[in-house]
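# Have a look; sequence and predicted model below, questions after that.
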Amino acid sequence: MSTDSRVEVLLKLTDPEVPVPSYQRPGDAGCDLVTTEAAELAPGERAVLPTGVSIALPEGYAAFVHPRSGLAARCGVSLVNAPGTVDAGYRGEIKVIVANLDPREPVRFERFDRIAQLVVQQVEKVRFREVAELPGSERAEGGFGSTGGHAAQQKDYVAVGATGASDLRGQ
Ligand SMILES: O=c1ccn([C@H]2C[C@H](O)[C@@H](COP(=O)(O)OP(=O)(O)OP(=O)(O)O)O2)c(=O)[nH]1
C-alpha cells in the first residue's frame, strides 16, 4: 500500500528540456515554474511567458500561479493577474504574466529562470441562492479600511457605479 498522500497531477512537457516542476523544500506550498523564453522587460513593461508545462488537474482542484517573493523584493517583478488561476479543465500550456514594477531598472530573464510558483489547492463549488436580505454580521457593510490603521495613506475610494463614495471611505 502506498504511503504517498500527495495528489497525482498529470503533466505534459510542451518543451522536452523543461525540468518537471518540483518543491524546493519539504513543506513548500508552491513548485517553481520556469520561463522557456528569454525576455527583457523595461520598467513598467509586462510579458506573457511560456513555462513549457501543461497539466490536467483532478476535478475539484485548481492551481494558482503566484509571484516569487525573492524576485519581487530584489527586482520588483510581480504578476499582473496574481494569483493566476489554472482551471481543472485547462489543458493548454501554463503561461505567466510577469510585470516589471521597478521604476528605473530593466529586468532580464534567461531560458529556464524560475519566474513564478504554482500552488495546487482544492476549491469548493458553490450554488448561489438568491435572498432578499442577507443575515446580519458584526462587520456588516464595513470594508475598504473600515477598521482603520492607515490614516496617513487615507484616500477617497470611488467604486465604479457607486452613488455614494463616502460609504467606502476608510475611516
Ligand atoms: O496566470 C495564468 C492564468 C490563467 N492561465 C490559463 C489557465 C486558465 O484555466 C486559463 C484561463 O484563465 P482565466 O479564467 O483567468 O482567464 P479569462 O481571462 O477569464 O479567460 P477565459 O474566458 O478563457 O476563462 O488560462 C495561465 O496559463 N496562467
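Nice, thanks for sending it over. Just so you know, these numbers come straight off a predicted model, no measurement behind them.

# Let me see the confidence value for V158.
What the model reports for V158 is a pLDDT of 66.

# Look up phi and psi at the residue of the chain at minimum distance from the ligand.
The shortest separation between the chain and the ligand is 1.9 Å, found at G84 (distances taken as Cβ to the nearest ligand atom). (Each C-beta comes from the backbone N, C-alpha and C, glycine too.) G84 has phi and psi values of phi -70, psi 140 when expressed as degrees, to the nearest 10.

# wait, it sits on Y90?
No. Checked against Cβ atoms under 8 Å, the pair G84 and Y90 is beyond contact range at 10.7 Å.

# Please parse the chain into its domains.
Structural domains assigned to the chain are 10-122, 142-171, following automatic domain parsing.

# so which of the ones you listed is the most packed in?
Greatest average neighbour count among the domains of the chain goes to domain 10-122 (a mean of 15), per mean count of other Cβ atoms under 10 Å.

# May I have the secondary structure class of the nearest residue to R46 once chain neighbours are set aside?
Excluding the flanking residues, the one nearest R46 by Cβ to Cβ, 6 or more residues apart in numbering is A99, at 4.2 Å. Each residue gets one of three states, and A99 gets strand by DSSP: H, G, I helix; E, B strand; the rest coil.

# partner residues bridging A99?
Following DSSP bridges, A99 is listed with bridge partners R46, S78.

# what does the model give it for pLDDT?
You'll see A99 listed with a pLDDT of 98.

# And for D4?
For D4, the pLDDT comes out at 87.

# same thing with the one 3 residues further on?
The score at V7 is 96. That number is its pLDDT.

# so how far does stretch 120-127 reach from one end to the other?
Length of stretch 120-127, first residue to last, Cα to Cα, to the nearest Å: 23 Å.

# Can you tell me the closest non-neighbouring residue to C31?
Taking Cβ to Cβ, 6+ apart as the measure, C31 lies nearest to P21, with 3.8 Å between them; neighbours along the chain are not counted.

# Tell me if the longest strand seen in the chain is near the ligand.
In the chain, ranked by residue count with DSSP state E as the criterion, the top strand is strand 114-122. No. Counting by Cβ under 6 Å from any ligand atom, the ligand is not contacted by strand 114-122; separation bottoms out at 8.0 Å.

# Pull up the pairing partners for that strand, direction included.
Based on DSSP bridges, the pairing partners of strand 114-122 within the sheet are strand 31-34 (antiparallel), strand 61-66 (antiparallel).

# Can you lay out the ones you listed as CSV showing mean pLDDT and distance to the ligand?
Converted to CSV, these look like this (pLDDT from 0 to 100; distance: least, Cβ to the nearest ligand atom, whole Å):
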stretch, mean pLDDT, distance to the ligand
strand 31-34, 98, 9
strand 61-66, 98, 4
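
# Good, wrapping up.
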